[in-house]
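no sequence on hand, only this structure:
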């Protein structure tokens, strides 16, 4: 029995991550259209009709666009905290009462043979939270959409075997880019997004002797490139004594193409 996952889509155009064990299948966010998410599932040979639920991190459109559609189409329960429910209710449309569930920050909930632990992040949403998944002694940590990586986040995610970790922007590309200053200030702020350098520094604090796979996620289309994110994070980790390519392996994610269904 293994814990497996696929980053179905990652970036400002939409985010969705699939996590499964032998007995449970969960979707974290659904920030694309229902049709696009179904196409992503088809690429990894998984039917969305087999899902046991959708976990919602926060109410931004690139995380909830397809949540209501999928929930209605496949009669799926939705799990989110109270403030997120309040913030996203109108966008989701009609959701039957028996498909609405609360999952609060700091809670650990058993979904069959998989435990899901929640933790808060610093982002400009009602009450954003992310997750670690535990099964059979393996641990998957998902950390995106945060302006900085707090000591609390570092503690909760430590000793994960696999990370889906935000590496949103290159600082120089963002500063010199076309975005208006108020948008740049939001991204760079404590409730914005983590840069490539800050991702590397945070991971250097989190990683232990445990071998780990790191999937760099939520890359900006305008202010980053896969090669640049990978190179920057690798260089930062190596400067802090980690051997990338051996003990630590880096992987890309994509806005439209799912990663291979992989063991955590």
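Received the coordinates, thanks. Please read these numbers as outputs of a predicted model, since none were measured by experiment. Residues are numbered from 1 along each chain as shown.

please count neighbours and contacts with C-alpha atoms only from this point.
Fine.

the lengthiest helix in the chain packs against which elements?
Longest helix in the chain, counting residues (DSSP state H): helix 226-239. On a contact count with 3 or more Cα pairs under 8 Å, 6 or more residues apart in numbering; DSSP states H and E, helix 226-239 meets helix 196-206, strand 248-252.

switch these over to TSV; also include mean neighbour count.
Below are those laid out as TSV (neighbours: other Cα atoms under 10 Å):
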stretch	mean neighbour count
helix 196-206	21
strand 248-252	17
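
make JSON lines out of those and add distance to residue 21 and mean pLDDT.
Below are the helices and strands packed on helix 226-239 laid out as JSON lines (distance: least, Cα to Cα, whole Å; pLDDT from 0 to 100):
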{"stretch": "helix 196-206", "distance to residue 21": "25", "mean pLDDT": "98"}
{"stretch": "strand 248-252", "distance to residue 21": "22", "mean pLDDT": "98"}
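
for residue 98, find the nearest of these.
Closest to residue 98 of the helices and strands packed on helix 226-239, according to Cα to Cα: strand 248-252, at 37.2 Å.

who does the closest one touch, helix- and strand-wise?
With contacts taken as 3+ Cα pairs under 8 Å, 6+ apart, strand 248-252 sits against strand 212-217, helix 226-239.

for the helix or strand that comes right after it, which strands pair with it and how are they oriented?
Once the chain leaves strand 248-252, the next helix or strand it forms, by DSSP states H and E, is strand 262-263. Neighbouring strands of strand 262-263 in its sheet, by DSSP bridges, are strand 4-9 (antiparallel).

how far off centre is the strand it pairs with?
Distance of strand 4-9 from the chain centroid (Cα atoms, centre = their mean, to the nearest Å) equals 9 Å.

tell me the pLDDT at the residue sitting nearest the centre point of the chain?
Most central in the chain under Cα atoms, centre = their mean is residue 142, positioned 4.6 Å from the mean C-alpha point. Looking at residue 142, its pLDDT reads 98.
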